[in-house]
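A.B. asks: please find the sequence and the predicted model below.
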Amino acid sequence: MVRWLSALALLAPTVARAQVPEAHEPPTPAATPLVEDRGARWRTSYFPYLTGGANDSPVLSFRLRHWQPADYEARSTYTAALNVDAGIAPKGSRFLSVQFKAPELVAGWRLALQGALERQVRYGYFGLGNETVYDKDLVGDDNPFLYRMRRTRYRASAEVTRQIRGPFHVAVLTEYEHARFTSLPGPSTFATDFPSGELKQDDVTARLALIYDTRDNEYNTQT
């Protein structure tokens with residue numbers, strides 16, 4: 001009887017240990033999916049610059065550029081860029097231009113959009129046809145705008161290019177332009193040809209082109 005009690009006493013700790021549930025390690029959290037690489041971060045720059053104008057110089061201009069740099073080995077230096085330019089000249093000529101280009105934003109596609117308006121207050125006009133004669137001695141204080149007029153122009157264009165295969169691309173371009181010509185104070189050749197002192201013109205252009213492009217890069221084609 002004593003031996004039975006001793007055997008039960010030895011088995012008791014073993015049974016107790018067997019009844020304790022095993023500790024389970026916490027489950028490993030699922031790996032968080034990586035965010036898709038969208039290239040370099042977009043950058044913004046702005047700066048003034050000087051350019052020449054049509055009989056009204058210099059043109060003090062300002063540019064705002066929002067762009068994304070392309071990969072080092074890419075054929076273009078940027079994937080997409082938005083440029084806004086504005087300028088004014090001493091005699092009142094001015095312009096505003098908005099341009100968006102995306103040569104590398106979507107693989108196999110290129111996009112170019114542009115809208116612009118400009119007003120040139122000393123635009124040259126020397127008559128109609130090839131038999132017109134320019135005599136600078138006729139220009140004086142009484143008729144300083146004899147060969148001058150104003151030109152106001154609005155333009156919008158859109159071009160989409162699709163890579164077909166290898167160096168072959170197809171491009172579709174559409175463009176609209178509205179131009180308005182008006183005379184300046186005093187006698188002028190323009191007012192003589194157009195007594196109303198005003199001329200308007202609208203142009204719509206469309207183009208379908210097949211392009212063969214073998215360039216390795218677009219910023220230095222000599223390499």
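C.D. replies: Looks like it arrived, so ask away.

A.B. asks: let me see the contact set for the residue lying closest to R119 once chain neighbours are set aside.
C.D. replies: Take R119 and drop its neighbours on the chain: the residue closest to it by C-beta to C-beta, 6 or more residues apart in numbering is T152, 4.8 Å away. Yep, even glycine has a C-beta here, placed from its N, CA and C like the rest. Going by C-beta atoms under 8 Å, 6 or more residues apart in numbering, T152 touches L117, E118, R119, Q120, A179, R180, F181, T182.

A.B. asks: tell me where this protein has strands.
C.D. replies: 43-51, 59-69, 78-88, 94-102, 109-124, 148-165, 168-182, 198-212 (DSSP state E).

A.B. asks: need these in CSV with distance to D141, can you?
C.D. replies: Below are these laid out as CSV (distance: least, C-beta to C-beta, whole Å):
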stretch, distance to D141
strand 43-51, 29
strand 59-69, 26
strand 78-88, 26
strand 94-102, 26
strand 109-124, 16
strand 148-165, 14
strand 168-182, 22
strand 198-212, 25
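
A.B. asks: and L184, how many neighbours?
C.D. replies: Using other C-beta atoms under 10 Å, L184 is surrounded by 20 other residues.

A.B. asks: quick revisit: most neighbours out of the contacts of T152, which is it?
C.D. replies: Q120 (23 neighbours).

A.B. asks: wait, that residue sits on D56?
C.D. replies: Yes - Q120 is within contact range of D56, at 6.9 Å (criterion: C-beta atoms under 8 Å).

A.B. asks: quickly list what's touching both of these two.
C.D. replies: S93.

A.B. asks: coming back round to it: closest to L138 out of the strands of the chain?
C.D. replies: Proximity to L138 (C-beta to C-beta) singles out strand 148-165 among the strands of the chain, at 12.4 Å.

A.B. asks: quick one on the thing from earlier: could you dump the contacts of T152 to CSV with distance to F190 and pLDDT?
C.D. replies: Output for the contacts of T152, formatted as CSV (distance: C-beta to C-beta, whole Å; pLDDT from 0 to 100):
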residue, distance to F190, pLDDT
L117, 21, 98
E118, 18, 97
R119, 16, 97
Q120, 13, 96
A179, 13, 98
R180, 12, 98
F181, 7, 97
T182, 8, 97
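
A.B. asks: got JSON lines for the residues you listed, with distance to G52 too?
C.D. replies: Shown next, in JSON lines, are those (distance: C-beta to C-beta, whole Å):
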{"residue": "L117", "distance to G52": "19"}
{"residue": "E118", "distance to G52": "14"}
{"residue": "R119", "distance to G52": "16"}
{"residue": "Q120", "distance to G52": "12"}
{"residue": "A179", "distance to G52": "21"}
{"residue": "R180", "distance to G52": "23"}
{"residue": "F181", "distance to G52": "21"}
{"residue": "T182", "distance to G52": "23"}
